[in-house]
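Colleague: Here is a sequence together with a model predicted from it:
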Amino acid sequence: MSVDVGSIVEGVVTGITGFGAFVQLPTGQTGLVHISEVADTYVNDVRDHIKEGDQVKVKILSVNETGSKIALSIKQAQDGYVPGRRGHGGGSGRRLPTSFEDKLNRFMKESDERQSDLRRKLNAKRGGRGGRPL
């Protein structure tokens, strides 16, 4: 069985890193799903969407000349995927916002979480005291 660019196959997640997930294909080869190809929504942590041992459907995006590097996509393997369109309801398993208010509330929540993280990191660099408030 060969690995053909553009084909959709089932694989097993064998490892997760900060930049993506490794998936073993039916051929025995292993490919990488970059974090940007895990879901059609913002992915802060790959583990929020998949875990080791999960069986996933992936699309083969590219294979280098030697066949040693294979780029994969989970989001592009989902039914209803439209390139350039976010939030089509594909692979994350979470309910996506449908109304403007839902989208705005989700945006505000994510924004507050990111600002909170930034404040904590900045305060840690300052020694946790003193300095100006943000």
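Modeller: Nice, thanks for sending it over. Numbers count the residues shown, from 1 in each chain.
Colleague: hey, let's count contacts and neighbours off CA atoms from now on
Modeller: Fine.
Colleague: Quick one: residues contacting the residue nearest to the spatial centre of the chain.
Modeller: With distances taken as C-alpha atoms, centre = their mean, Val38 lies nearest the centre of the chain, 3.1 Å away. Shown in contact with Val38 (C-alpha atoms under 8 Å, 6 or more residues apart in numbering): Gly20, Val46, His49, Ser73, Ile74, Lys75, Gly91.
Colleague: And for Asn64?
Modeller: Contacts of Asn64 by C-alpha under 8 Å, 6+ apart are Ile70.
Colleague: gap between it and Asn105?
Modeller: Distance, Asn64 to Asn105, using C-alpha to C-alpha, to the nearest Å: 42 Å.
Colleague: The helix or strand hosting Arg114: how far from the chain's middle?
Modeller: Following DSSP states H and E, one finds Arg114 within helix 100-125. Remark: helix 100-125 is offset 19 Å from the chain centroid, using C-alpha atoms, centre = their mean, to the nearest Å.
Colleague: cool, and stretch 18-28?
Modeller: The answer for stretch 18-28 is 13 Å, by C-alpha atoms, centre = their mean.
Colleague: Give the buried residues for that stretch.
Modeller: Across stretch 18-28, burial judged by 16 or more other C-alpha atoms under 10 Å covers Gly20, Ala21, Phe22, Val23, Gln24, Leu25.
Colleague: tell me the domain ranges of this structure?
Modeller: Using automatic domain parsing, the domains assigned to the chain come out as 8-77, 97-127.
Colleague: Let's have those domains in a markdown table, adding mean pLDDT and distance to Ser2.
Modeller: Output for the domains of the chain, formatted as a markdown table (pLDDT from 0 to 100; distance: least, C-alpha to C-alpha, whole Å):
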| stretch | mean pLDDT | distance to Ser2 |
| --- | --- | --- |
| domain 8-77 | 94 | 7 |
| domain 97-127 | 82 | 39 |
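Colleague: Of those domains, which stretch is the most buried?
Modeller: domain 8-77 (a mean of 18; mean count of other C-alpha atoms under 10 Å).
Colleague: circling back: as TSV, the domains of the chain with distance to Pro83 would be great.
Modeller: Listed next are the domains of the chain as TSV, based on distance: least, C-alpha to C-alpha, whole Å:
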stretch	distance to Pro83
domain 8-77	8
domain 97-127	19
